[in-house]
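Enquirer: structure for the following, please:
(chains A, B and C)
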Amino acid sequence: MVPGEALRGLAGVALFAAPGSGLAELLPTLRQLPPGRRLAYGYLLGVAWTAGWLYALSHWFAIPLRSPAILAVAAIPTLAGAAGAWRRRRRERRSASPSPPPTATKLAARLALIVGVAVTAAGFCDALTAPLLDWDGRLIWSTQARYLRAEGSVDASVLEEGKWWVTCPWYPLLMPVAQVAVLEVTRAGVDHHAFRPMYSAFLPVWLLLVWGGARSYAGQEAAGWTTLAAAMLSFPAFAGAGGAASAYSDLPLACFVGGGALLLLDLRGRLSAGLAAGILLAAAILTKAEGEILGPLALLVAAVVPLLSTPGARRREIWRRRRSMLALASLPVFLALALLHSWRAGIAGGFESFTRLTSWPLLWPGLLTRLPRLAHDAGAEMLTYADWGLFWWVAPLVVAAGWRGVRRRPARALLLLAGAPLAIGWLYATIAVDPHFIVTATWDRFLLQASLPFLMVFAMALRDLTRRATWQVQRRGHHTHLHRSESDLADGQLLSVDSGA
Amino acid sequence: MERWWQGRWCIRRLALAAFLLSLIAGLPLTAVRTLRRVGRATLSLGEDARGARVRLLGAATVAALDSIRHAIPEDGEYLLVDGGEELQAEAYWVRFELAPRRAVFLGRLSEMERAPRLSWKLPPAARGVVVAYPGGPSRLLSGREFLELLEAKRGPG
Amino acid sequence: MAAIPMLARLVSGFRANLVPHRVFLWCGLLGGLVFVFLVPPFWVADEPSHFRRAYDVSRGHLWPEVVHTSPGGAYTSGTVGAELPRSLLTLEHELPAGPGATSQPATILRAFRYPLAPDDRLFVDFRGTAWSPFLPYAAPALAIAVGRWCGAGPLLLLYLGRLANLLASSLLIALAIRRFPTGRWVQMLIALTPMAITLRASLSADAAAFTAACVFVGLVAAASSGSRPLRGGDLAALIGAAAALALTKLPYIPLLLLPLSIPAERFSAPSRRRFLMSYGAIALAAVLFSIVCWQRIPVAMRPDVDPAVQMHSLVAHPLSVLQVLARDVAQSWQLYLMEAMGALLGWLDIGVSPVIIYADLFLIVLMLLLDAEASGLPSSRQRWLLLISVTTVAFLVLVSQYVSWTEPGHDLQGVQGRYFLPIAPAAALLLQPRFLAGRRSLADAGPWLAAITATLFVFVFLAVIDRCYH
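Expert: All right, here's what the predicted structure looks like:
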C-alpha cells in the first residue's frame, strides 16, 4: 500500500459520502438521526444519487462518464447540503436550545462497536492493498466497468453489438458506473483497484443499518447483541464471493433494499423518509437483476402490510398519514424502472446467460421433487462455519424461543421482505438445469440480501428472550411488567424502547 | 402449569446460551481473519498496485498480459481461446485483464484439439489469438501461429 | 372551473398563510418547469438567436464579432455573430419551429443524443440579439458553460439554459414581490401571466428585462415607503438593480428616473444628494455601456430598413412620425395588451383563448382595486414620475421599432406586446387607486389565487400542446 494509492481509494469513498451527507442534511428524517446512522444512510444516498444520475444522464442525454459530469453531479447535493447546514446552524445558534443529554451505552453496543470497527478496518486494509480477485467481480462487474470507462457511456458498443464475448450484458450497471466514477475522478490507472474501498464501505453501512433498525424495533441491548452477531459473520465481511471484500453487488443491494424498507416501514409517514427510501429502492433496481423485483416489492409491502395489520378505523388514519410518503417514494422507483428498461432495450443478447442455465418447465413438479435436495444444499451452505459461524444453527432457535417478540406488527412486513430474496433464490434453483451449482454459487448471496430484515426480526426475538429470561426476576411482577411493555410497542411505532435512547 | 412455565423458561435460557456460545465460537475465526488482513496490509506497506498484481498473479503472468496489452490497442479486438476447463475460468480472467479490448471467444483449446479436421477460418479484423492458460502466462499468437499450434497438438493423421 | 375550489382547499391544506412571494415561487417554478419541457425547442420568438448568443457568452465572448462591414455607409447588410459549433445549426434544422411547423416528441428525444462537437465550427449570424449587452444571457450562459464542461449535447444545453433562466428570474422576482409595499398580489399575477412565464421558461433576454424591471421598481417602491431609514445595503441594492436594468434593453432606461421620487426624509446616512450622485454615475455608466454595445453593431435588422435613414426621418419630420406612432397605438393598443398578457405565444402563432386572457386580466384588475395598502401607495408626485417613466418607455419602444423594423413610408411594424411587459410593475403601482385601500383583508387569497393560476396554466398548456404537437 502506498499513500497516494490509498488516498485515491479513500477519495472514492468520499466521492459518495460527500453528496450523501448533503442529501442527509436536506432530508429532515435523516438529519435527525444520530451521526453514525446518518452517515450510513448518507453513503447509500450518495452512491444512489451520483451513480444513478450518471446512469440516466449517460443513457438519455449521452453525457460522457468523465470527471466534469461526475463532479458536477456529486457537487450539487454537497453544496446544497452545506448551505442547508450553515443556515440550520445559524438558526440553532440564535435559538440556543440545549442539546439532549448523552445516553448510557450498554455493554453489547460497545462490543458491537469494537468488533465492527475491527472488521471494517480489516476490510479496508484488504481493499487498499490487494487487487480484485473475486469471481463475479472480474467476470461481470469490473469488466463491464472497464468497457464503460473506455467509451465513457453506459451504452457502450461492446454491450450493444452482440458479437463480443460479454457475460451478462443485461445486468444493471449502477455499481460499474460507481466504479467508473471513482476511477475517473481519482485518475486511477487500469490496474489500480481504487474502487475496492467503495465496496468495503458497504460493510460498516450495513452494520449501522442493522444497529439503527434493531434499536428502533428492539431497544439498545438487543440491537447491540444483534449487531455484534452480524459483525462476526464472515460472509458479509470477508467472503470473496459476495461480501464487502468483493466487487459483487449483493451487499450494496442488501443495503439499498433494507435501508429503503426500514425507512418506509416508519408509520409516521414523513415525506423526507419517502423520498430517501424511493432513492434507495431506485438504486436497488439499478444494482442487480433481483433489485427489479425487490425494489417495487419493498414499496408494496410497506404500503399494504401495515394496513392489513391494523383494525378498520385506524387503517384509514394510517393510510392518510402514509399515502403521500408512499407516492413520493414511488416516483424514483418508476424512474429507475423506466431507465432500466430503456437501457436494456439497446443491449444485445437479451437474457441469454439466464436462459442457458434455466428451464421453466422444470418448475413443476420441481417445486416438490427438488425440495429435499435444495433444502439439503441450502442448509449445507447456511451451516458452513467458515461463512456463517454458528449463526444459522442458533438463529432459528432464538426466533422460535422469542416468538412473542416476533408477534408484533412490523415483524410481518420484515419477514416478507426477508423471504422475498430467498424465494427468488429458491425459484432460481428450482428451474436451474444444475440446481446444486446454483445453490452453492448463489444461496449465501440471497441470504445476504435477506439479512437486514431478518436481523430485525432476530433482534425482536432476542429482546423478548433477554427480557423474559433474566436471572433474578420474580414471576408475577415479571408478567405485569412485560405486558405493559408489549402494549407500548403494539402499534409498531419506531419508538425508542430504552429510556433516554 | 408451573412445569410448562419452567419448560419455556428453560428453552429461553437455552436459546440465549446457544446464542452466546455462537458468538464465542465465531470469535476465533473473526479474529484470525481480521488480524490476517491487517497483518498483510502492514507487511505490504510500500507495495504499489502493480507490485500487488505481480505478487498475486505471478511475474510471468503479469509480464505476458502487459505485452499483450501493448500489442493490442485499447479499442482493438482479439480472439480468445480458453486453454483450460470452464470452471478454471482462465479465459474470464484474461478477458478482464485485457478489457476494454474486445474479445471474441473461440472456445476451449481441448475441444478444438479433439474436433474433426476442418479448414479453419478465423474472423477478420482481430489482432491475434490470445490463449489463456490456467496457472501460467497467456500467449498472443497470430492467426497462422494459432492454426499451427492446433495442428501440432492434433498430431499427424 | 369547479375544480378551482377543490384545488384551493388542497393548496390551503399544504400550508397556511400563503403569502404572495411564496405562491409566486411555487406556481412560477412548477408551472415554469412544465413550460420549459412542454414548449418545444426554438418555439419561443427569437429563441434560436438567443441560444446562439447565450452559447457565445458561455465561452467568455461578451461581444459578438462584426464581419463584412463595408466602408462609407453607416449600416450595411453585413453580418454579426460568432464561430459556433455546427451542431447548433443542425439542431435548429432538425427541430423546426414556428408557423407551419409541428414538433414530434420522438424527434426531440432523439435529438438529445446529438453530440456537440465543439471543434467543428462555422460562422453563425445572430444579429437580432447582438446589439444588447451580455447581462441578460449571464444565467443561461453559466448553465450552458457547466453543461459544456460536462460534455452535454446542444439540446441539453438549450434546456439547461432555459432552466437557469427560469430559476434565476423566479428567485429574483420572488424577492422583488416581497419588497413591494403594496399590491403584492398584483405583482405576483403580472409575473405569472402566460407571456411572462413563457419568456422566463425560455432563453429569451426579455425574461431578464422583466426581472430587472420588477426588481428595480420593487426596490424603489420599498425605499419610498416604510418607517426605518434607508441603509447602505438598501441603496447599494437599488443602484445594482438600476445598473442591471440599464444593461438589458435601452428603451427601459426612463424607469431609472424613479429613484428621484424617494422622499428626502427616507435618507439618513448617506444623504440623498450623495446617493443620487452615486446612483447617477453608475446608472449613466451602465447606460453608456449599453449604448456602446448597440452602436458597435452597424448591421441592420432587416435588409430593407436602414436605421440611419429612419432616424433621420424621425429628426426631420417628428410630427409625421408621431402621427404614425399615435395611429398605431390607437389601432393596436388592445392587441398589444393581449399579446403582453399572452394571447399569442411562441412565434405569435400559439393562440391562447381570449377567455383565459380576459379572466387573467380581470383578476389583475380586481387585485389592483382590492390589494392596496394605504401606507405603501405612491404619493401624487411619485405617480407623476411613474406616469412620465411608463409613457416614455412605451414611446421609446415604439420609436425603437420604427427605427429598426419599419419600412419607410409604412405603418409602424415589429411592435409586440411583450416589449411592454417590463413596464407592467410600474404601471400597476401607478394605477392602483387609494379609495379601497385597506378595506379588505386578503390574507386568505393565497390558495384561491394559486388554484386559479394553476387552472389558467392548464388551459395554456393545452393550447401549446394543440399547436406545437399536432
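Enquirer: pick out the residue of chain B closest to chain C.
Expert: B:D75 (17.7 Å; CB to the nearest CB). In this view, the C-beta of every residue, glycine as well, is placed from N, C-alpha and C.
Enquirer: and stretch B:29-49, how far out from the chain middle?
Expert: Relative to its chain's centre, stretch B:29-49 lies at 21 Å (CA atoms, centre = their mean, to the nearest Å).
Enquirer: correction: stretch C:339-346
Expert: Here stretch C:339-346 is found 13 Å from its chain centre; the criterion is CA atoms, centre = their mean.
Enquirer: how about stretch A:315-330?
Expert: From the chain centre to the centre of stretch A:315-330 is a distance of 23 Å (CA atoms, centre = their mean).
Enquirer: now do it: everything it contacts.
Expert: Contacts with stretch A:315-330, where a contact means CB atoms under 8 Å, 6 or more residues apart in numbering or on different chains, come from A:260, A:264, A:267-271, A:273-275, A:277-278, A:281, A:299, A:302-303, A:306-307, A:310.
Enquirer: ok so C:G81 is a strand residue?
Expert: Yes: per DSSP: H, G, I helix; E, B strand; the rest coil, C:G81 lies within a strand segment.
Enquirer: would you confirm that it contacts C:T129?
Expert: No: using CB atoms under 8 Å as the test, C:G81 is too far from C:T129 to be in contact (9.6 Å).
Enquirer: now do the shared contacts for these two.
Expert: Contact with both C:G81 and C:T129 is made by residues C:R52, according to CB under 8 Å, 6+ apart.
Enquirer: which single residue in chain C comes nearest to chain B?
Expert: Closest point on chain C to chain B, by CB to the nearest CB, is C:P115, at 17.7 Å.
Enquirer: and that residue, what does it touch?
Expert: C:P115 neighbours (CB under 8 Å, 6+ apart): A:62, C:87, C:153.
Enquirer: list buried residues within these.
Expert: Taking 16 or more other CB atoms under 10 Å in any protein chain shown as the criterion, what is buried in the contacts of C:P115 is A:62, C:87, C:153.
Enquirer: need those in a markdown table with distance to chain B, can you?
Expert: Formatted as a markdown table, these follow (distance: CB to the nearest CB, whole Å):
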| residue | distance to chain B |
| --- | --- |
| A:A62 | 18 |
| C:S87 | 24 |
| C:G153 | 22 |
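Enquirer: packing partners for the helix or strand containing C:T107?
Expert: In the assignment (DSSP states H and E), C:T107 maps to helix C:105-111. Applying 3 or more CB pairs under 8 Å, 6 or more residues apart in numbering or on different chains; DSSP states H and E, we find helix C:105-111 packed against helix C:86-94.
Enquirer: so which bits of the helix it packs on are buried?
Expert: Within helix C:86-94, the residues scored as buried using 16+ other CB under 10 Å are C:86-88, C:91-92, C:94.
Enquirer: need the longest helix for chain B.
Expert: The longest helix of chain B (DSSP state H) is helix B:2-43.
Enquirer: check whether that one comes near chain A.
Expert: Yes: using CB under 8 Å from any CB of the partner chain, we find that helix B:2-43 touches chain A at B:5, B:9, B:11-16, B:18-19, B:21-23, B:25-27, B:29-30, B:33-35, B:37-38, B:40-41.
Enquirer: show me how to select, in ChimeraX, the buried members of the residues you listed.
Expert: Buried residues within the residues of helix B:2-43 next to chain A, by 16+ other CB under 10 Å, are selected in ChimeraX with:
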select /B:11,12,13,15,16,18,19,22,23,25,26,29,30,33,34,37,38,41
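Enquirer: what is the neighbour count of the closest residue to C:S103 other than its chain neighbours?
Expert: Excluding the flanking residues, the one nearest C:S103 by CB to CB, 6 or more residues apart in numbering or on different chains is C:P40, at 3.9 Å. C:P40 has 22 neighbouring residues, counting by other CB atoms under 10 Å in any protein chain shown.
Enquirer: in CSV, list the buried ones among the contacts of C:P115 along with pLDDT.
Expert: CSV is the format used below for the buried ones among the contacts of C:P115 (pLDDT from 0 to 100):
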residue, pLDDT
A:A62, 93
C:S87, 95
C:G153, 96
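Enquirer: least trustworthy helix or strand in chain B by mean pLDDT?
Expert: helix B:109-114 (a mean of 77; mean pLDDT, DSSP states H and E).
Enquirer: on that earlier part again, pull out the buried residues from the contacts of stretch A:315-330.
Expert: Listed as buried from the contacts of stretch A:315-330 are A:260, A:264, A:267, A:269-270, A:273-275, A:277-278, A:281, A:299, A:302-303, A:306, A:310; burial here means 16+ other CB under 10 Å.
Enquirer: of all those residues, which comes closest to C:A340?
Expert: The closest of these to C:A340 turns out to be A:L275 (CB to CB; 39.3 Å).
Enquirer: that closest one contacts A:L30, correct?
Expert: No: using CB under 8 Å, A:L275 is not in contact with A:L30, being 9.8 Å away.
Enquirer: pull out the buried positions in the helix or strand that contains B:E148.
Expert: Here B:E148, judged by DSSP H and E, is contained in helix B:143-154. Buried residues in helix B:143-154, defined by neighbour count with 16+ other CB under 10 Å: B:143, B:146-147, B:149-150.
Enquirer: just stretch C:320-327 next, same as before
Expert: Result for stretch C:320-327 [16+ other CB under 10 Å]: buried residues C:321, C:324-325.
Enquirer: any chance of those residues in CSV, plus secondary structure, pLDDT and distance to A:P172?
Expert: Compiled in CSV, the buried residues of stretch C:320-327 are given as follows (DSSP: H, G, I helix; E, B strand; the rest coil; pLDDT from 0 to 100; distance: CB to CB, whole Å):
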residue, secondary structure, pLDDT, distance to A:P172
C:V321, helix, 89, 68
C:V324, helix, 90, 67
C:L325, helix, 91, 65
